[in-house]
Every structure is written in C-alpha cells, then in structure tokens.
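Asks: My questions are about this predicted structure, shown below with the sequence.
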Amino acid sequence: MGVIMETGPAVGGLMRRFLASLRDGVGFDILLVGAAMVFLIAMAGLPLIYNVLMSFQQVDMFTLGSLIRPWAGFQNYIDVVREPAFWLVAKNTFIFVFFSMGGQFVIGFALALFFAQNFPGASTIRGLFLVSWVMPGLVVGAIWSWILAGDFGVLNTILKGLGIIQSNVFWKSDPAFSIWAVVIANIWLGLAFNMLLLSVGLAAIPRDLYEAAELDGANALQRFWTITLPMMRSTIGAVLSLGLIGTLQQFDLFPAITEGGPANTSTVAQYWSWQMSFQLYDFAKGATISVMMLVLVLIASIIYVRSTRHEVRG
Amino acid sequence: MKLNAYGLLAAVSLGAMSLATPAFAQVTLKIWSIDGVDRVGIADTFSKEFDEANEDIVVEYRAIPFDDLVNETLRAFATGNAPDIVSFDNPDFALFSSRGAMLDITDRVANSSVIKAENYFQGPLNSVSWDGKLFGIPKYTDTIGVFYNKDLFAEAGITEPPKTWAQLTEYAEKLTDPANNVYGATFSARAGEEGTFQFLPIIQMSGGGYDNVATDGAAEVLDLWKKMVDNGWASKDVLSLGQWDSTGTFNSGNAAMAISGPWEVDRMVEDAKFDWGVALLPTITDGGERSSALGGFDWGIMSTTKHPDEAFRALEYFASQDNRIFEEFGSIPARSDIELPVTGVEKKDAALKVFLEQLQYAQPRGPHPEWQKISKAIYDAMQQALTGQMSSKDALAQAQTTINGILGK
Amino acid sequence: MTRPYVPWLLVVVALALAAVYLFPLYWMYVTSFKSGSEIFANPPTFWPREIDLSIYPNVWTRRTMHVFLWNSTLIAAGVTAITVIFGTGCAYVLARYRNVWLDIGLFSVLMLQVLPASVMVTPLFVAFNQFGLLNYPRTAVVLAAAAKAMPFFVVLVRATFMTVPRELEEAALVDGNSRVGAFFSIVLPLARNGILVCAILTFMSSFGEYIYSKSIIQAPALQPASVGLSGFLGPNSTDWNAIMAYSAIYVTPILAVFVLLQRRIVSGLTSGALK
C-alpha cells in the first residue's frame, strides 16, 4: 500500500478500486476466468495457431522449430483432398465418430437408466462400469487387439460357441469389419464416461416430477420422453460434445488394433494426420488434416454451448 | 579490489585447468538408439564401455522406443538438441543423410585403421551412402527366409522346402488342416514397414525395384498370396499381424510355414515343440533371380555435433566390437570379414547358415529421402490386392503412379 | 407375489452385464499368466494351462517399475492440482453468469481442446525448448497435460456449481461477505463433493498420460509408466505376456483405489451438493 500512496492519490485510488473489485466485484470473476484462459491459451491456443499456420506453409525437418516458413497458400489443402485415400478416410471418420458416439451414448444411457433402479448393490455394481475410465488407451488397445484377433482371438471363440457365427470373423483384417473393430473397442473405452455423466444427470431430476406424472397416468415410455429427456438436455449436450471431442482425439486404439489397415479401410482423420506427420514426415499435410478436423469440433462446441441455454439452475 | 581478486582467481583457475586438461576437459557425447529400452542391447552396452574406457569423454546414452526414434531425432534436430551419434533403421537413414543432417565421414573412414568400407556387405553400405559419400556405418543386418515345420511336411509327404512361390502356394494348400487349426503358411502383409519389408523382395525378384513396382512377376506372386488368403491356406490376419506375431502362430503349431528372419530363432528354439528348418525365400521361376529383404540398423554422426573427432572415435570403438554382437546380442554383423561362431545348438546353427546365404541376395529399401511415402504406396497396393479391392495389376499400377509422383518422374 | 423377486432379478442382470463389460480386464490378467506360445494357441484357452506368476516380479525389477509408477503418480498429482486450481474458478464463473462473453468463454474452453495431443506436442516442444522448460521435463508435461484435462474438468464442475442455489450466495453477500468470502465460505464447501470427485477422475485419467511424456521426458528415471510400456514394442519382437503383466501391474493399483472409492465417486457426482 505504501508504494501506491507514493505514486499519488489518483493512481492509488484506481489501484484500490481495482483491488476492491478483485475482492468483491466483477474483477473477481475476470480473475478466475482470466487465469484459466491465459493458461489454456498458452498451452493449447498457441499450438493451435502453430498448426493452422503450418497448414498454409511448406514445412520440412529443418524448419520444424520456426514459425516463418515458405508460404504455400491452400496447396496443402488441395493436396490432401487429392490424396486417393481422402474420401475413404472421410467416410471412415464419419462411421467411427457416429457409431462410437451412438454406441457409447445408447448403451451408456441404457446402463445409467438401469442402474438408477432401486435394487441391492446397484451403486456398487455401477461403480464397476467405470473401470474403462482409468484404463490407459495404450493398454486397452493391446487387450482388444488380442480379443479381436481372427484365429486366436477370444471374441470369435465366444461367438462361435454361442452359434452366432459359423466361421471366424477377421475383425482386424477384413475390410468390411476393420473399422468396426476399432469402433467396438472405442465404445467399450468410452462407456464409463457416458454412463457416469448420464447417471449424474438422471440423479439431478427431482423424484416428485415422476410421481406426479405417474399419478396423471403416464406410462414409463411417456415419462421418459416428457420428463427424462427434456430435463437432461444440458447433460446430453455436454456428453455429446465432450464425446465428439474425445472420439476425434481417440488415437491409441488405431496403432494397436489395425494400424489403419487393411488398405486404409480403418484409417480415420486423426490417425491419418498422425501418420502423415510422424510416419511419412509430411508435417504440413498432417497439420492440414488436423485443421480440417477443427471444423467438426467447432460444430460440437456450438451444440454444447447452445444446449446449456436450457439449463435450470438448482 | 574485489574485482581484481576475482580476476586473479579466474586466471589461476584457468591456468590450473589448462595444466590439467586431460582430467578436466571432458567432452560429452549424446548417443541415441532403440537398444536398452527393454533389454540390454548393442548400443547401450558399447556406449557404456566406451564411456568407461575414455577418461576425456562422457557418454549420455538415451534409449528411445523404435516407433519414436525418427520423430524424436527430427524434433531435437530442429530445435538444436540433436544427439551426436544416432542409430537408425536402415531405410530411415536417407531421410537424414540426404538433407545434410548427418556428418560426411567418407574421409575419416578412408583414414581409419579400424573402419574399412570394403569389409561391409554392399546392401547395408548402400543404406548409409548418399550421393557417393559415406554418412555412417552399418550396425548389424538381417533378412528373411522361410521357416518350415518338418514334422508337418513329413505328414503331408513333402520332402523339400518350396523353391518357387507357386510351389509354396501348392504346399500351403496341402499342409492346411482346418480341423487342427493349421494354416499352410503365414507371413506379414501388414499396413506398415513390415508389409513392405516382406513384399518388396518379390518386386525385386521380378526385375523391378522400389522405383518400378508394377511388374508382371510381382502381380503374379501377389495373386498367389491372395489365393492363399482367399482359400484359407493362410490366415486373413496376415494383413494385420506383424512378423513376430505371425511367426508366433508358426511356433504354436498353427502354421506350417512362416516367412520371417533370424531374430525369431532364439524364441523358436525355446518354444517350438517340433522339428523345423529354414529355407531361402522362394523365387518366381525355378532357378530364377533371388532377392530378399535387408533389415538392420546403421550408426551415424549428426552434422550438428561439436565433437566430430570424439564421435568418430566412438564409432570406431563400436565397429571394433562387431565380432561380439552375434554371440552377445544375436545380431548378425554386416561384415564379410567376421566369422560367426558356432553356438552348438544344431537348429540355430543350421538356420544361421541359411540366413547368411540369404544375406548375399538381400537388397536395401531405397535409399531415398522419402522412403516412408514410397513404402506406404507399396504396402497399400499389396493390401488393396489382397483384400480384393483392386486386381493385383491395377493396385501395383496405382502404386507406381504414386511413386512416380514422389520421385518426380 | 413376484414383486420381491424383481430386485434380485435385476441384481442378476446387473452382474451379468458387469461380467461382459469386465471381460477385457479379465483377459488382460489371464494373458499375462500364459506362456509365450499359449497366447497364440487356437482356439484360445480361457484359463491358462499352467499359471506362471514369475513374470510379475521379473517385469517389476527388469523395468524398474517403482520408478515409473512414482513418476506417473507425481505427474497425475501435478496435473490434478493445476486443473483444480485453474479450473474450479473458471467453472464457477461460467456457471454464475449467462451472457455472450461467457458463452464465448465456454466455447473457447472446448475449442482449445480440439487438437489431438499428437499434433500439439511438436509446437509445445518447440516452446518449452525456448523457455528452458525442457530441463524440468516433468513440470513441462504437467503443464501441457493440465491444459488437456482442463475442459473436461470445467464442464463437469460447472454442472456441480449449477446445483448450488444462487440464493445462498446472495444471502451471504447480504450478510456482509465479500465475493471472495462468499466464494470460499459458501459456494466452495457446497460444491466440494463434486470438485473432489472430478479431481479424482482427472487424477485417474492423467495417470495414463502418454504422448507428452514420451516426447518431453527423455531421462528414463523421470518417465511415467505409460512410456515404460511402449518400450516393449520393439521392431521385431513384442513380448506380449510381459506387456500384459506390465499393464496389469500398471492398472491394478489405480483400479484398487478406484474400487475402494467408487461408491463415493458415484454418489458424490450423482447426489449433487444439496440433494
């Protein structure tokens, strides 16, 4: 304080007001959000800019460390779209994202509803379903790679035992199945996250709403459509948008299970981007693909932010 | 006054240092390789020995997993943190040497009494050469051949290992026994370098090379491979299995033949509960041109090193220990002047003999600075043909177009 | 008459579902017990022919796993601390107001998370190198990974703050508390459960942090267990049962902690602050 006084009453007053606002006004809010934002911008925003920049430049191993590089305009984008694998990868990415998220969400929701029933041990058993949350992707990939193997894989043995299939399905090597092999593993991996968040959302719905509806003669399905879904809109928004981001970042499973093969039939955008940068050492194309993926996440973020509009504050 | 005292102190200590140079002026060498991540290997062992034997040099050794080595080095090179010495897989070497990231050691080798270029096999030596200059030395080498289960061969009434690819396919059919979960053959046609490693030799046998992949012979053999996969004489999973896992099915008795290399031998001696042998990779026509894959790693000094002399001394030390690498680490030296010791394990010695013969036909991948892209074009084509998305001819023709683009033809 | 049986039927169904779901975990343990060739046996064996436990002490000592696990713990703890410190306040403000600027804020929190870690690592490496942070590699990894963990934390904790009635905070302000005072004495304690649970979840997921660690941390003595695992994947050999044993050693402690805490985790999140 002494220092402030010396610099004159006007500045001192300003400073005091600033400090007071920090303690007791908007300044406090700005400080809280600002600290997080500065941190995020430094650690995530700058790398983002680096990648966007790189997608418009010519990059080689000698210029990886600098920002100023020969300008390439949209050439990298044109080159990526012209790659023979481009449309196949786009299709695979869509399948992977849509069905992973769909599977995680539907099964996660079903489990969340199931475990919201009142039966002995419900919460303990539900806890077990969070296991995939703590499993590192690397480990999950290795395990599923074994389970899905065609000849010595246990999934085929089980399915044959149950009479569902007659001969082995080559999950990892058949172009008709390879992307589904990764989808299956990814659904398993993401189940915990979906079920957890949806359980939280379910628990937040006041019981009396259901009781009132039951008195009005609404059946279970009607109650689900008129109470559960609308009340969970913000939770569902969060689950889906975080789920999309998570799915688009899912990487560990690909090198472990299919390596994008056979013949790129299980290559998705994020794996392709990594492969361009770190296996083919074409850093500009790798960055270009990752920037293209940004557009998808942009959509997800908008959905999420919009979904929070309907939130009811406790 | 104070300043003077410090100045005096500095002068004294400088003097002391210059007097005691051998003890104090230590040079630090950073050495990177994949060895020592999981078990003791060539690079970590020799680096440590070199460190201990040289008072004036401190070696900082770093083991990096195989998949990350090139990326880590690229990143370090771009940010000025590059190691002094690094050991790359041979097809990756040209990426660095062609761009001036490796130190030209042609003259040093010419003057060296330890390292003599003429002692090395031609294939491995090509991988460290670029533009007529020498940028490194081979560390060890390997190749692939056909492992075959002699017990199953006897049961099927086959006496000799296959000589041509058509014969291999024919045997595979005979040896296949679905009731006992036995495939006739297994190999690795994976979406990665291993896939190219196994398929490129066939292109080379047919008179082609990495710059000329669309040959009739290659398409013919690829059709045979596809026939094996389609008919269940080889597992469909050859498309996703690496060589180690593919040969694992051979060891467990689930495949009668396996294409792989000498690194399998130790595990096979231990795990395989049957009699087995190794044969040269088949040819396209009987007595036709031979080829095989060339594996193995190379040593090189990075051009950014501040201590080229000490780094070269380290390479000389490594080369001087080449006679130990087979016995201690199971790797084959890439040199013609080293006689490999007999281990006394009958199957292992027999296998080694075949692989040494096979090495004479081994041809390098590249060298080309954009090898990884060429390789992807090759394994993509192989996979497209094997999965029936394209005919072998069309797939190879498409790969040729991609490769022409890379080569700037 | 059937009424009392219904809950027990549900228990059976629940256990069956859990068994299906946990199968991959079971498979990890079983595979680690098998011999090198039994792994490839066709058809696979559901129970190893002979259980070989020696692989566990082998892997433990050969890979100096106590060092790896300790580093994983340190990194996860650091990530959690930074995430909680920065994320809690951010989530609180994002829950408290509703205007365009905060919509943009929430939006950017998500957007900043979009790039996969694999493409973020090169620019971060370059930047850390500039600032000399590469000399403190674990700190560098903690900073980078915290930025990755933050959005998830903010979204979840924001939901927790939404359950704290604004009237309580306003009452505290009327009683003469400052904003800071109200935040620390009223809002935080009420949201404590949710924050704690999200912190635990953050800790658990950053325990597996891999991509940043493998590039930024060069000295083996400072690397976390995930990087140690990748060392098994060699060019020509993959030691599968050792990988599974390593994975088992790696995930078992965190699973154990998790099973002990899971009731609190689920109830902490599902009960909300005041319900």
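Replies: Sure, I can see it.

Asks: Okay, and residue A:119 sits in which element?
Replies: Counting by DSSP states H and E, no helix or strand carries residue A:119.

Asks: Run a quick neighbour tally on it.
Replies: Other residues near residue A:119 come to 17 when the count uses other CB atoms under 10 Å in any protein chain shown. Backbone N, C-alpha and C define where each C-beta goes, glycine included.

Asks: For it, what are phi and psi?
Replies: Phi and psi for residue A:119, reported as degrees, to the nearest 10, are phi -150, psi 160.

Asks: Ok, residue B:335 next?
Replies: Backbone torsions of residue B:335, given as degrees, to the nearest 10, read phi -130, psi 140.

Asks: Distance of it relative to residue B:122?
Replies: 12 Å (CB to CB, to the nearest Å).

Asks: The two: which is more packed in?
Replies: The neighbour comparison of residue B:335 against residue B:122 (other CB under 10 Å) goes to residue B:335, with 21 against 15.

Asks: where does the stretch 51-200 of chain C have low pLDDT?
Replies: For the stretch 51-200 of chain C, no stretch is flagged by pLDDT under 70.

Asks: Quick check: residues of it near chain B?
Replies: Residues of the stretch 51-200 of chain C lying close to chain B by CB under 8 Å from any CB of the partner chain are C:62-63, C:122, C:125-126, C:129, C:134.

Asks: how about the residues you listed in JSON lines, adding neighbour count and secondary structure?
Replies: Formatted as JSON lines, these follow (neighbours: other CB atoms under 10 Å in any protein chain shown; DSSP: H, G, I helix; E, B strand; the rest coil):
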{"residue": "C:62", "neighbour count": "13", "secondary structure": "helix"}
{"residue": "C:63", "neighbour count": "22", "secondary structure": "coil"}
{"residue": "C:122", "neighbour count": "26", "secondary structure": "helix"}
{"residue": "C:125", "neighbour count": "26", "secondary structure": "helix"}
{"residue": "C:126", "neighbour count": "19", "secondary structure": "helix"}
{"residue": "C:129", "neighbour count": "20", "secondary structure": "helix"}
{"residue": "C:134", "neighbour count": "18", "secondary structure": "helix"}
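
Asks: can you name the two of these that are farthest apart?
Replies: Within these, C:62 and C:126 form the most distant pair, 34.6 Å apart (CB to CB).

Asks: Can you give the domain ranges for chain A?
Replies: Chain A breaks down by automatic domain parsing into domains covering A:1-54, A:69-310.

Asks: nearest to chain B, of those?
Replies: Chain B lies closest to domain A:69-310 among the domains of chain A, at 2.8 Å (CB to the nearest CB).

Asks: Show the average pLDDT along the closest one.
Replies: Average pLDDT, domain A:69-310: 86.

Asks: For burial, what's the neighbour tally of residue 214?
Replies: Answering for chain A, as no chain was given. 12.

Asks: right idea, wrong chain: chain C
Replies: Residue C:214: 24 surrounding residues under other CB under 10 Å.

Asks: and it, what is it in contact with?
Replies: B:65, B:68, C:223, C:226-227, C:230 (CB atoms under 8 Å, 6 or more residues apart in numbering or on different chains).

Asks: Ok, residue A:268 next?
Replies: With CB under 8 Å, 6+ apart, residue A:268 has these contacts: A:89, A:92-93, A:96-97, A:179, A:182, A:254, A:260.

Asks: quick one: it from residue B:127, how far?
Replies: Per CB to CB, residue A:268 is found 33 Å from residue B:127.

Asks: Next one: residue A:210 from residue C:209, what distance?
Replies: Taken as CB to CB, the span from residue A:210 to residue C:209 is 41 Å.

Asks: Between those two, point out the one with more neighbours.
Replies: residue C:209 (25 against 15).

Asks: What is the burial count for residue 257?
Replies: No chain was given, so I picked chain A. Residue A:257: 29 surrounding residues under other CB under 10 Å.

Asks: try again with chain C
Replies: When neighbours are counted by other CB under 10 Å, residue C:257 registers 15.

Asks: And for residue B:399?
Replies: Residues near residue B:399, counting by other CB under 10 Å: 24.

Asks: How about residue A:193?
Replies: 21.

Asks: Run through the residues of the stretch 151-300 of chain A sitting next to chain C.
Replies: A:151-154, A:157, A:188, A:191, A:196-197, A:199-200, A:202-204, A:234-235, A:238, A:241-242, A:245, A:248-249, A:251-252, A:270, A:273-274, A:277-278, A:283, A:286-287, A:290, A:293-294, A:297-298, A:300.

Asks: roughly how far out does stretch B:182-194 sit from the chain middle?
Replies: In terms of CA atoms, centre = their mean, to the nearest Å, the centre of stretch B:182-194 is found 17 Å from the chain centre.

Asks: sorry, that was for stretch B:104-121
Replies: In terms of CA atoms, centre = their mean, the centre of stretch B:104-121 is found 21 Å from the chain centre.

Asks: Export only the CA atoms of that stretch, formatted as PDB.
Replies: C-alpha atoms of stretch B:104-121 as PDB (Å, rounded to 0.1, in the frame of the first residue of the first chain):
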ATOM      1  CA  ASP B 104      30.100 -36.900 -44.100                       C
ATOM      2  CA  ILE B 105      32.600 -39.400 -42.800                       C
ATOM      3  CA  THR B 106      34.000 -40.500 -46.100                       C
ATOM      4  CA  ASP B 107      37.500 -39.100 -45.400                       C
ATOM      5  CA  ARG B 108      37.600 -40.200 -41.800                       C
ATOM      6  CA  VAL B 109      36.700 -43.800 -42.900                       C
ATOM      7  CA  ALA B 110      39.400 -43.700 -45.600                       C
ATOM      8  CA  ASN B 111      42.000 -42.700 -43.000                       C
ATOM      9  CA  SER B 112      40.700 -45.000 -40.300                       C
ATOM     10  CA  SER B 113      42.600 -48.100 -39.300                       C
ATOM     11  CA  VAL B 114      39.500 -49.700 -37.700                       C
ATOM     12  CA  ILE B 115      36.700 -49.000 -40.000                       C
ATOM     13  CA  LYS B 116      37.200 -50.200 -43.600                       C
ATOM     14  CA  ALA B 117      34.400 -49.700 -46.000                       C
ATOM     15  CA  GLU B 118      35.300 -52.700 -48.100                       C
ATOM     16  CA  ASN B 119      34.600 -55.000 -45.100                       C
ATOM     17  CA  TYR B 120      30.900 -54.300 -45.200                       C
ATOM     18  CA  PHE B 121      28.200 -56.000 -47.200                       C
END
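
Asks: in that stretch, what counts as buried?
Replies: B:104-105, B:108-109, B:112, B:115, B:119-121 (16 or more other CB atoms under 10 Å in any protein chain shown).

Asks: now what about it, what contacts it?
Replies: Here stretch B:104-121 makes contact (CB under 8 Å, 6+ apart) with B:125, B:133-138, B:141, B:301, B:303, B:308, B:312, B:315-316, B:319-320, B:334-337, B:359, B:362.
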